[in-house]
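**Q** sequence-free structure coming up:
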Ligand SMILES: [Zn+2]
Ligand SMILES: [Zn+2]
């Protein structure tokens, strides 16, 4: 009956891998680095998609779809972007297989079906999209162009981990075009805020909004906004990014527009995305040694009802009560599953739903029928209480809200207590090794120092927080003058 | 102000291509055979997706996601399936680009990054999914397994057309596993019915449900259910297919389950899909020489309001009325757009929304304000009427229903009058060349005859209708005995 889950304190990384598989979220596939997202995991991702999609549309964005493949000549047009992704590209070189003359029933790549120009499987779609925008944008009347797509992308990573870093992943990528620099920056900032609000309110994961340093920016961006979260093991995770692309892609693809005054100008761009990586952030922030812990706002079902019975007569009586509760909960927009399968015992089910992180479990047995109560168990606190039947719905609705808040507050307390200001490099290293989390330190603003610190400690600058107070100080590494602290951490 | 759209009677195929582009549905991309689905076209596809997804879930299916790539060794495991798709496979052979030493700023495929085993970009996912199911199915308790995925697939077609036949397309593919043959057949039939109901009620396209002949079956299927529609040019279009796969994939991937009695048996399978091809069926069934005609159930906005004004004062007064109507329509779940842009003239807008197939257009000018009326124009009949302002909502709600029905009935009348029973091959050829449509003819049941007819006339057997009456006769081509008529047509 145990879950045989490695404890977080023993091996956090192993705990994560086991949890993802055992909670039926995802598993590795036969394709190196590519995952299968299982129905339970996909149902959570669908809830994320639905909410984000709604928010994108409310802010004036429309969905579209662009090709999976990028011809090599387009891919290389924006040089920095191409350079940044070239090493991770899956490349289609042929368009046909044929039967192997030497090996019956086997297929080989048909050497006669070689493509004249190789096709890159999109690692990101700026190139193909800006090549398309060239045909869509002529005048200021065509701007702003606010488009998003939900798609799969491929980046050939050498070391992969379910959800966190996979060769293929699912994401949304927004690509917008604007008449002015100010508008484009405002859009990148708007979306970064939209991401932050979504991640905090739905994933219950607190984030820090900031800017990336030059060396951590998206390849081809002039500025990258980001949201950074902190996992339970003290490592940071970049949960979303929103890029101000300047006129880099407009210049690479020659996209100009006629202004009201009739001048020809290059268009300003943004792009932004969140991916199935958010699943990793969700899992690692809240889950415990018993398994997954889901915030009610993203749980495929918020409540599960498990009947405890010895015979059919008992099950019938319990089912009557359970079905009343199910109907009443649904009327109150609570998603609920009544698990009346006779192929599994109650103990097995309790265990299963704990592992799967269902926020509330209702147990109903013969004694409950007598006393007109049910047993209500919270996944987040693992506490139980008996509730009179007539109070169930009211209590559930209230608890779901409480659990959502509790998960956020708990994560925020942990995060806040793991932002440590340090004054010198010895302190920096000590905090990094013993406590982990974000380290707030003065930095002299040079790539050189940033790289050196990374080399020595594996910590990177996660972001320059947007709400950073100005503060004179000296760089934690070089001793040079600095005007503000930035956040360092080891990261996923 | 004209739409410069080729007339259907002049060149149906040209009319279609122009319409798709001019109505902002899709366009060709820089990648051979791959399309860009533009926001307006994608909004229609999203409505299709939402309704289908709801129906899949209501019938117990769950969504999941499987890898884009299929290792060649898995791809070739089910021989018929592999054979059927081998000639259309895009193949990934390398996982890295590098800078071209001979050509600054250019990239080449890195010959050192050759994959040990080539990866096929999925043309369909049976292979990768059944290889996964092997790990998911042990016992009868794991069955049925009812899974769907929304995905992109690639089939390297030589001649492509927007929506109808593209190298990459979007679709859903269901893949189910069952304990018995009967259950699997019932599932394939259930889904074929679900497709038929959806296409008739939402696309307003009447379909004939049938079975494919052996030579037209999905590669790897024991039986293929299909729904067949008829386009305005008399050619048939296969709108969806649902396959009973027997135990073919279970055997190829060794997927067995323990029965209740403890025996090991191979699992029974189905797969089924509809794709962005449905967009082609939608467009070709209803549209006219003025442009797209959309059934209200799939229109991104069902009503557009265009103000007709000379000055700001008039616009203000009209806007007040328009906004009242907008709010009231939304309360009645009617989607409506008030186009108050001052960058375009009313005539331009009338033209634009006609081209885009918006079911109802409301025009409001100064005279309407005086008379407290609006002008209501139907896209399907191109008729107009003046309606008292207080009757607008009631009239719109009623007309939307009427338009949906009218489109279906019109298409059904056309379809029904283009099913022609013939007695001999001369008649067959004459009807095919002069009238087109479905030809109902006796067939001797052999591949040989089917192929010969195809060779001579380009007509194929679209299906053996499920509700076919048994009827003795002689084959239209061979003169051999036959027990039923089947439907022939030229097809997309
Ligand atoms: Zn700590
Ligand atoms: Zn006709």
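**A** Nice, thanks for sending it over. Worth saying up front: this structure is predicted, and the values here are computed from it rather than measured. Ligands and ions are numbered 1, 2, ... in the order given.

**Q** can you tell me which residues contact the residue sitting nearest the centre point of chain A?
**A** Closest to where the C-alpha atoms of chain A average out (CA atoms, centre = their mean) is residue A:278, at 1.4 Å. By CB atoms under 8 Å, 6 or more residues apart in numbering or on different chains, residue A:278 lies in contact with A:48, A:199, A:203, A:239, A:240. Yep, even glycine has a C-beta here, placed from its N, CA and C like the rest.

**Q** Tell me the spatial nearest neighbour of residue A:194, not counting adjacent residues.
**A** residue A:55 (5.4 Å; CB to CB, 6 or more residues apart in numbering or on different chains).

**Q** which strands and helices sit next to the helix or strand containing the one you found?
**A** Assigned by DSSP states H and E, residue A:55 belongs to helix A:39-58. Counting contacts by 3 or more CB pairs under 8 Å, 6 or more residues apart in numbering or on different chains; DSSP states H and E, helix A:39-58 is packed against strand A:145-154, strand A:168-178, helix A:181-201, helix A:277-286, strand B:62-63.

**Q** ranking these by burial, who's on top?
**A** Counting by mean count of other CB atoms under 10 Å in any protein chain shown, helix A:277-286 has the highest mean neighbour count of the helices and strands packed on helix A:39-58, with a mean of 25.

**Q** tell me the mean pLDDT over it?
**A** Per-region confidence: helix A:277-286 scores 98 on mean pLDDT.

**Q** next one: stretch A:33-42
**A** Averaging pLDDT along stretch A:33-42 gives 98.

**Q** any idea how far that stretch is from the chain center?
**A** 14 Å (CA atoms, centre = their mean, to the nearest Å).

**Q** where in chain A is pLDDT low?
**A** Within chain A, the ranges that satisfy pLDDT under 70 run A:1-2.

**Q** quick one, helices of it?
**A** Applying DSSP state H to chain A gives helices spanning A:12-22, A:39-58, A:72-75, A:79-85, A:126-136, A:181-201, A:248-252, A:277-286, A:312-331, A:346-355, A:366-371, A:392-416, A:425-434, A:447-457.

**Q** Please report the number of neighbouring residues for the residue nearest to residue A:147 when sequence neighbours are not counted.
**A** Of all residues not flanking residue A:147 in the chain, residue A:64 sits nearest, at 5.1 Å (CB to CB, 6+ apart). When neighbours are counted by other CB atoms under 10 Å in any protein chain shown, residue A:64 registers 21.

**Q** And the one 3 residues further on, by the same measure?
**A** Using other CB under 10 Å, residue A:67 has 28 other residues around it.

**Q** Give the full set of residues in contact with it.
**A** By CB under 8 Å, 6+ apart, the neighbours of residue A:67 are A:122, A:128, B:29, B:30, B:31, B:34, B:35, B:36, B:168.

**Q** try it again with 10 Å
**A** A:119, A:122, A:125, A:128-129, A:132, A:151, B:28-37, B:152, B:154, B:166-168 (CB atoms under 10 Å, 6 or more residues apart in numbering or on different chains).

**Q** I'd like to know how far the nearest residue to it once chain neighbours are set aside sits from residue B:19.
**A** Computed as CB to CB, 6+ apart, the closest residue to residue A:67 that is not its neighbour in sequence is residue B:34, at 3.8 Å. According to CB to CB, to the nearest Å, residue B:34 stands 20 Å off from residue B:19.

**Q** higher neighbour count, these two?
**A** Shown here are residue B:34 and residue B:19; by other CB under 10 Å, residue B:19 has more neighbours (25 against 22).

**Q** Residue A:63: what's it in contact with?
**A** Neighbouring residues of residue A:63 by CB under 10 Å, 6+ apart: A:53, A:56-57, A:147-150, A:172, A:174, B:37, B:39, B:42-43, B:45-46.

**Q** Show me which of the residues you listed is closest to residue B:98.
**A** Distance to residue B:98 across the contacts of residue A:63 (CB to CB) is lowest for residue A:149, with 28.4 Å.

**Q** how about that closest one, what does it touch?
**A** With contact taken as CB under 10 Å, 6+ apart, residue A:149 is in contact with A:62-66, A:125, A:129, A:171-175, A:273, B:36-37, B:42.

**Q** Tell me the bridge partners for it.
**A** residue A:173 (DSSP bridges).

**Q** where does the stretch 251-400 of chain A come near chain B, residue by residue?
**A** Within the stretch 251-400 of chain A, the residues that sit near chain B (CB under 10 Å from any CB of the partner chain) are A:276, A:300, A:341, A:343, A:344.

**Q** Surely the third one touches residue A:305?
**A** Going back to what we said before, that points to residue A:341. No: counting by CB atoms under 10 Å, residue A:341 stays clear of residue A:305, with 11.9 Å between them.

**Q** More neighbours: these two, which one.
**A** The residue with more neighbours, out of residue A:341 and residue A:305, is residue A:305; 26 against 12, by other CB under 10 Å.

**Q** separation between the more buried one and chain B?
**A** Residue A:305 sits 19 Å away from chain B, taking CB to the nearest CB, to the nearest Å as the criterion.

**Q** In this structure that residue contacts residue A:328, no?
**A** No: contact criterion CB under 10 Å: residue A:305 and residue A:328 do not qualify, at 11.7 Å.

**Q** which ones are touching the nearest residue to residue A:160 once chain neighbours are set aside?
**A** With CB to CB, 6+ apart as the criterion, residue A:160 has its nearest non-adjacent residue at 4.0 Å, and that residue is residue A:33. Residues near residue A:33 by CB under 10 Å, 6+ apart: A:154-161, A:165-169, B:67, B:69, B:95.

**Q** how far does stretch A:414-426 stretch from start to finish?
**A** 24 Å (CA to CA, to the nearest Å).

**Q** which of the residues in it are buried?
**A** Within stretch A:414-426, the residues scored as buried using 16 or more other CB atoms under 10 Å in any protein chain shown are A:414, A:415, A:418, A:420, A:422, A:425.

**Q** chain center to stretch A:327-343, what's the gap?
**A** That offset, for stretch A:327-343, works out to 28 Å (CA atoms, centre = their mean).

**Q** What is the end-to-end distance of that stretch?
**A** The first residue of stretch A:327-343 is 24 Å away from its last residue (CA to CA).

**Q** And for stretch A:241-251?
**A** End-to-end distance for stretch A:241-251: 22 Å, by CA to CA.

**Q** ok, residue A:310 - how many residues close by?
**A** 9.
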